[in-house]
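In: What would the 3D arrangement of this be:
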Amino acid sequence: MSQTENEDHRAIETIIAHQVRGYRRARGVSITELARHTGISKAMLSKIENAQTSCSLSTLSRLANVFEVPVTALLRGADAEHEAVYVPAGHGAQIVRRGSNVGHLYHQLGTLRGQHKRIEPLLVTLSEATEVFPMFEHPGTEFIYMLEGSMVYVHRGAQYKMRPGDALQFDGEGPHGPVGLIELPVRFLSVIAYGHIRTE
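Out: Reported below is the predicted structural model:
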């Protein structure tokens, strides 16, 4: 068996362990009582709940019958993708945004696909003085944290002078964006959290 296959088996065993333990505790029964109802030994149940053994289909079926759930309930989450995105320093993908044409650089620090894509982290660099500042509006909540330089940032008409260490969180649907660059270069972290699952 390959290392990847071993990791897949361990992941499934961990999921089953979590589900069995959760259903048992939700019903307020001990391992001893569960062993009596299922005909599975306490030692085996302990191994199952600690992800130390692979369950046969017949064992899963007996557990599901006692919990009064379908067998698939004990495997829930086994087919889900659990991604992680690692971005080394200086390697974020540069993306184009409305401010790109006026000297604003946006580096994406990671993105997940499908149902896990609920936040969007960006490293924003403003290195050129400009008289044109595009305003942004988008769903969700945005959080910005100043890393370098200083600027004036506006949200719904309210202005905030941002310096290194300052943070600002706001509703993304309100018009917002930098309106004055005081000390260049300006660098800040922008994290947008979406209140719904993005499928784009």
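In: List the residues that contact the closest residue to Leu74 other than its chain neighbours.
Out: Closest residue to Leu74 apart from its sequence neighbours, by Cβ to Cβ, 6 or more residues apart in numbering: Gln19 at 4.7 Å. Yep, even glycine has a C-beta here, placed from its N, CA and C like the rest. Taking Cβ atoms under 8 Å, 6 or more residues apart in numbering, we find Gln19 in contact with 73-76.
In: swap in Ile144?
Out: With contact set as Cβ under 8 Å, 6+ apart, Ile144 has these partners: 124, 153, 162, 167-169, 188-191.
In: just checking, next helix/strand downstream of the helix or strand hosting it?
Out: Following DSSP states H and E, one finds Ile144 within strand 141-155. Moving toward the C-terminus from strand 141-155, the next helix or strand (DSSP H and E) is strand 158-162.
In: surely Leu168 meets Tyr153?
Out: Yes: counting by Cβ atoms under 8 Å, Tyr153 is a contact partner of Leu168 at 6.3 Å.
In: Compare the two and say which is more crowded by neighbours.
Out: For Leu168 versus Tyr153, neighbours defined as other Cβ atoms under 10 Å are more numerous around Tyr153 (22 against 16).
In: The more buried one and Ala167, how far apart?
Out: Separation of Tyr153 from Ala167 (Cβ to Cβ, to the nearest Å) stands at 11 Å.
In: and stretch 124-144, what's its mean pLDDT?
Out: Across stretch 124-144, pLDDT averages out at 85.
In: Between the two ends of it, what distance do you get?
Out: End-to-end span of stretch 124-144 (Cα to Cα, to the nearest Å): 10 Å.
In: and that stretch, how far out from the chain's middle?
Out: On the basis of Cα atoms, centre = their mean, to the nearest Å, stretch 124-144 sits 23 Å off its chain's mean C-alpha point.
In: Which elements pack onto the helix or strand harbouring Leu63?
Out: In the assignment (DSSP H and E), Leu63 maps to helix 57-67. Using 3 or more Cβ pairs under 8 Å, 6 or more residues apart in numbering; DSSP states H and E, the elements in contact with helix 57-67 are helix 3-26, helix 31-38, helix 42-49.
In: Indicate which one of those is closest to Gly180.
Out: Proximity to Gly180 (Cβ to Cβ) singles out helix 3-26 among the helices and strands packed on helix 57-67, at 50.6 Å.
In: coming back round to it: quick one: common contacting residues for Leu168 and Tyr153?
Out: Contact criterion Cβ under 8 Å, 6+ apart; residues shared by Leu168 and Tyr153: 144, 160, 162.
In: got a list of what Arg27 touches?
Out: Phe67.
In: ditto for the one 4 residues further on
Out: The neighbours of Ile31, taking Cβ under 8 Å, 6+ apart as the test, are 24, 42, 45-46, 49.
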